[in-house]
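**Q** here's my sequence, what's the structure:
(one chain, ligands or ions: 2)
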Amino acid sequence: MMLKVNKLSAGYSNAVLAEVDLNVERGEILGIIGPNGSGKSTLLKTISAILKPMGGVVYLDGKNVHKLKPSELAKELAITITERSDVGFLTGFEVVSLGRYPYTDAFGRLSERDVEIVMDSLRLVSAEYLADKPFSEMSDGEKQKIMIARALAQQPKALLLDEPTSFLDAKHRVEIPLILRRIANEKGIAIVLTTHDIELAIRICDRIVMVKSGRIVAEG
Ligand code: ADP
Ligand code: MG
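**A** Ligands and ions are numbered 1, 2, ... in the order given. Reported below is the predicted structural model:
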């Protein structure tokens with residue numbers, strides 16, 4: 001099992017998640033659906049070690065993610081953050097290059113191999129045409145593609161996406177899910193995404209779990 005979530009409890013001052021169990025295999029897409037406030041984002045933040053768990057363990061390829069150093073974890077797991085990031089003045093290529101930072105030297109210099117990986121990441125999300133475009137001038141869908149490419153440039157074993165199709169135009173609402181399917185198939189990455197778009201979940205996810213009040217209430 002690539003990603004294994006074992007009796008994970010987490011939250012803020014109050015517990016939000018209660019003993020959540022999840023398993024995701026290589027190349028599999030797991031969808032997490034559930035009403036607003038049910039704990040979907042909290043779950044992804046805890047799996048990615050942005051939040052500390054109150055109990056339970058998350059294993060990625062057999063390693064406890066909460067015991068890894070941030071620089072080690074960044075080589076194993078990537079999360080796309082939808083919150084406005086402060087990279088507007090950078091080009092698409094430069095934003096994706098940031099994903100190489102766990103691998104580069106203290107000066108952030110890119111080797112030829114790093115550049116190849118950045119270009120391959122752009123190709124996987126069909127965004128070569130955005131390489132020279134300033135991030136601030138991109139549409140929301142284009143920004144989402146670049147953020148996914150940046151995550152891919154980390155060469156993670158697992159990729160977490162919080163509401164990857166929210167706020168997108170119709171074209172990208174169709175295209176982004178197909179891109180995620182391609183990433184899972186071609187790279188064997190384990191993908192976990194949250195969505196309130198049940199149609200999307202049914203279309204591309206191998207499995208769907210439903211979260212309600214911080215618990216998994218249905219699976220299938
Ligand atoms: P979802 O993503 O399913 O909409 P969240 O994980 O964002 O749900 O929220 C789950 C619960 O945790 C909600 O009750 C929410 O109010 C609370 N919550 C979310 N973020 C914070 C925070 N930073 N501090 C305190 N409580 C939070
Ligand atoms: Mg959320």
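**Q** let me know the secondary structure of the residue nearest in space to the middle of the chain.
**A** The residue at the geometric middle of the chain, judged as the C-alpha nearest the mean C-alpha position with C-alpha atoms, centre = their mean, is L160 (2.5 Å). Put simply, L160 is strand when judged by DSSP: H, G, I helix; E, B strand; the rest coil.
**Q** tell me which residues touch it, please.
**A** With contact taken as C-beta atoms under 8 Å, 6 or more residues apart in numbering, L160 is in contact with 44, 47-48, 77-80, 191-193. C-beta coordinates here come from the backbone N, C-alpha and C atoms, glycine included.
**Q** closest to V24 out of these?
**A** Out of these, the one with the shortest distance to V24 is V192. That distance is 6.0 Å, counting by C-beta to C-beta.
**Q** any idea how many residues pack against the closest one?
**A** With neighbours defined by other C-beta atoms under 10 Å, the count for V192 comes to 26.
**Q** likewise for L130?
**A** L130 is flanked by 24 other residues according to other C-beta under 10 Å.
**Q** contacting residues for it?
**A** Under the criterion of C-beta under 8 Å, 6+ apart, the contact list for L130 reads 92, 122, 138, 142, 145-146.
**Q** cool, and K40?
**A** Remark: with contacts taken as C-beta under 8 Å, 6+ apart, K40 is in contact with 32-34, 162, 194, 211.
**Q** what residues are bridge-paired with the closest residue to it other than its chain neighbours?
**A** Of all residues not flanking K40 in the chain, T194 sits nearest, at 4.0 Å (C-beta to C-beta, 6 or more residues apart in numbering). Counting by DSSP bridges, T194 is bridged to I32, D162.
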